[in-house]
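Asker: what's the 3D shape of this:
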Amino acid sequence: MHGSPKRERGYTYTKPTTKANNTAHPAVKFVEELKADGNGNVSLADKLKAAAVAEKLKQRDSKDSSQSNVNNDSTMTRHPPKATTNLIATVAAAKFRGATAPWGSYTFLESLDISSLSNEKLKRHLKARGELTEGSKIELTDRLMSSLEEEMKRELAIKQEIEAKHKQVALLEEQGAVYAVGKNNMGQLGLGDFKDRHTFTVVPITRGRYCQHVSTSTGANMSFATTEKHEIFAWGGGGMGPMGLKGSKQNVRFETPQLVVALNGEEIIMTSIGANHAIAISKGGDLFSWGKGDFGVLGARSTMKVETPTFLGFDKPASVVSCGDHHTCIKTTGNEVYVFGHSANGRLGIGSCETETRFQPFPVQVRLPASQVVRLVACGSDHTLVSTKSTTFSWGSGDGGKLGHGDLLSRWEPTEITGLRGCNILDISAGTWHSACVVRIPPMKDSGYLYTFGSGYQRSAWARGGFWNGQITVRRVFCGSSHNAVIASDGNVWTWGSNRHGALGRSIGKNTNSMFTPNPGIVIEFGTIVNRIGRGLPKSVACGREYTIVATTAYDGPSEEEALEILAMQRVKEAEERKRQADISRTKEEEMRLQREQELERQKIRYLTSKRLCTMDPKCPGFTYEVNRPSCCRECGFSVAYHTIVVDEPSTESAEGRQNIKTVE
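Answerer: Predicted coordinates for the structure are as follows:
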């Protein structure tokens, strides 16, 4: 092209750029001003604007350079304008300067010598803090320091207030509380929301209320807590379960514990929940029922729904109650067993019914051998367990072998579990797919071995035998829908089975994809300090459908300060132990080094003092140095390097040595 510079191989063409090409851009002035303001208070908008300017300049120069470097020669190279590089560096620096010099910030100023600041900087700091900016340097300095001291006092007051509130909360919680973990889609954890929890979280309203008993349901997704003052708190169920309160889902905050007012003054000591109904027992043995009356589950000779707890009017004082999904079993103070509700699969144990739609709307006695003294009762979703002083009976649905009779058949009448005949049962529990019992093993008095039977669906049932190979004994067992919990002899909670939604309250191993485990594991969050608050040991546990509720005793461990001291002492001991082990290791290494050196010295002496035969001349009797050529053998003439066969000289003291000497002679 006419007038264009000549382009030849090896010649790099760059379009001439002048200062005017960059300074002519309207944004360059802004960037230069930003660069000049080294300690300026750069806002986020300015930073974004600067970044946008740099990007535009980069794109413009890239475009100009690409157009000016068009050439068919592949050896052509491109050199970006130096001015663009400087602008990009300037913008990058400006983006960070605003964050490193915040005007008026207490955190920034506390590390500076205020008296060394210039008047301009003092005024900018004061302006940023909303203070007056007029006066001499001494006045400005005093004003800024006073402002910082006031802020420090306010922060200290806030910290003290927070600490006081924390101590107040800790004092209440350490007297005992209820903790929940797992699935929370129906508000069954009582935490005021519907988020699952994977670690045990305190139910705030239960702090300091000395809760004695908790219960859950595998069908209703509800939870109850009974306090020492016989108050009943209910929550969960999506507002549709048997809350025992008047009102609908819209005006009942079911996601947080609600006081069942109708039971105030009735001295309730125990509750149990079915799929759509609930039963409570008072201190005097009175029964109260409420919920949906389908299949006669309320025992009130009716199938009508009852919203609030109603006195059942049963003439036998009750001591224990357990609810299945649609039936209820009661143990009286006279050691008798009464049942009512749905009779499908023989879950009532009162004999065969014509059809599965038959039910029993009022309590009826279960016939057991007259010699048996009933101690414990437990209802699963559709089966029942009763334990006496010498054996255990079961009836109802036999799905999965949960009745313990070695088959899958249902039983319509009480049938003895022959495998438990003669056993002293300390506790029994029944879940949806399985059953469990604790058998006392002498010389233990209040704990024993755990036995389970039924379906191992999601590892909810564990193998028959001693709990954890007999190393840990068990006091109480609690079966849920697909997981279990026990209170061990040391007072700790152990869980296993399904860990969906975090129902076990613990990690089940490195494999995070595993949702269940057949191995019982300890929950370490009880009997210790968590988040600076002491947690007591479990008193009552309830396993629902993929969630767990625990009520604890008062915390009696060391205080936070004592725990910190113990921890500090433990760390000192650990450091001393590590130092001791390091010293032992160094001593061993030194001994081994000396042994190696001694061995090398022995080998060296042996090599120098022993006979060395020649590898080249078999007739050579051994290396003997030549006076004129010390490195050569006088006998064979070969170098010492060829005399590598070391032969120990025979001892003249030994018989073999003397024999060899005589032979030579």
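
Asker: show me where the protein has helices.
Answerer: 19-23, 28-36, 44-68, 82-100, 106-109, 119-128, 137-173, 560-609, 655-664 (DSSP state H).

Asker: mean pLDDT for those helices: which is lowest?
Answerer: Here the lowest mean pLDDT among those goes to helix 655-664, at a mean of 38.

Asker: worst-scoring helix or strand of this protein, pLDDT-wise?
Answerer: helix 655-664 (a mean of 38; mean pLDDT, DSSP states H and E).

Asker: which other residues reach stretch 525-534?
Answerer: 166, 169-170, 173-174, 179, 199-200, 491-493, 505, 535-538, 550, 552, 555, 557-560, 563 (C-beta atoms under 8 Å, 6 or more residues apart in numbering). (Each C-beta comes from the backbone N, C-alpha and C, glycine too.)

Asker: What about these, which are in strands?
Answerer: Tyr179, Thr199, Phe200, Val493, Arg535, Pro538, Val550, Thr552 (DSSP state E).

Asker: which of those residues lies closest to Ser371?
Answerer: Nearest to Ser371 among the ones in strands among the contacts of stretch 525-534 is Pro538, at 35.5 Å by C-beta to C-beta.

Asker: Could you pull up the contacting residues of the closest one?
Answerer: Ile487, Gly491, Asn492, Val493, Phe526, Val550, Ala551, Thr552, Thr553.

Asker: now those residues as TSV including distance to Gly190 and pLDDT?
Answerer: Shown next, in TSV, are the contacts of Pro538 (distance: C-beta to C-beta, whole Å; pLDDT from 0 to 100):
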residue	distance to Gly190	pLDDT
Ile487	21	96
Gly491	24	93
Asn492	23	94
Val493	18	95
Phe526	18	95
Val550	12	97
Ala551	12	97
Thr552	15	96
Thr553	19	95
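
Asker: I'd like the residues you listed laid out as TSV, including neighbour count and distance to Cys329.
Answerer: Conversion of the contacts of Pro538 to TSV gives the following (neighbours: other C-beta atoms under 10 Å; distance: C-beta to C-beta, whole Å):
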residue	neighbour count	distance to Cys329
Ile487	24	22
Gly491	14	29
Asn492	18	30
Val493	29	26
Phe526	22	30
Val550	29	24
Ala551	25	23
Thr552	27	28
Thr553	19	28
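
Asker: Tell me the one of those nearest Thr227?
Answerer: The closest of those, once distances to Thr227 are taken by C-beta to C-beta, is Ala551, at 9.4 Å.

Asker: And that closest one, how far from Thr206?
Answerer: 8 Å (C-beta to C-beta, to the nearest Å).

Asker: and what of Pro414?
Answerer: 38 Å.

Asker: So those two - more neighbours on which side?
Answerer: For Pro414 versus Thr206, the count of surrounding residues by other C-beta atoms under 10 Å is larger for Thr206: 24 against 21.

Asker: Leaving out the residues flanking it, which one is nearest to the more buried one?
Answerer: Spatial nearest neighbour of Thr206, excluding adjacent residues (C-beta to C-beta, 6 or more residues apart in numbering): Val178 at 4.0 Å.

Asker: distance of the one you found from Val627?
Answerer: From Val178 to Val627 the distance is 101 Å (C-beta to C-beta).

Asker: chain center to stretch 200-218, what's the gap?
Answerer: Distance, stretch centre to chain centre, for stretch 200-218: 20 Å (C-alpha atoms, centre = their mean, to the nearest Å).

Asker: what does stretch 529-539 give?
Answerer: Worked out by C-alpha atoms, centre = their mean, stretch 529-539 lies 15 Å from the chain centre.

Asker: Quick check: buried residues in it?
Answerer: Buried positions in stretch 529-539, judged by neighbour count with 16 or more other C-beta atoms under 10 Å: Ile529, Val530, Ile533, Gly534, Arg535, Gly536, Leu537, Pro538, Lys539.

Asker: try stretch 548-567
Answerer: In stretch 548-567, counting by 16+ other C-beta under 10 Å, buried: Thr548, Ile549, Val550, Ala551, Thr552, Thr553, Tyr555.
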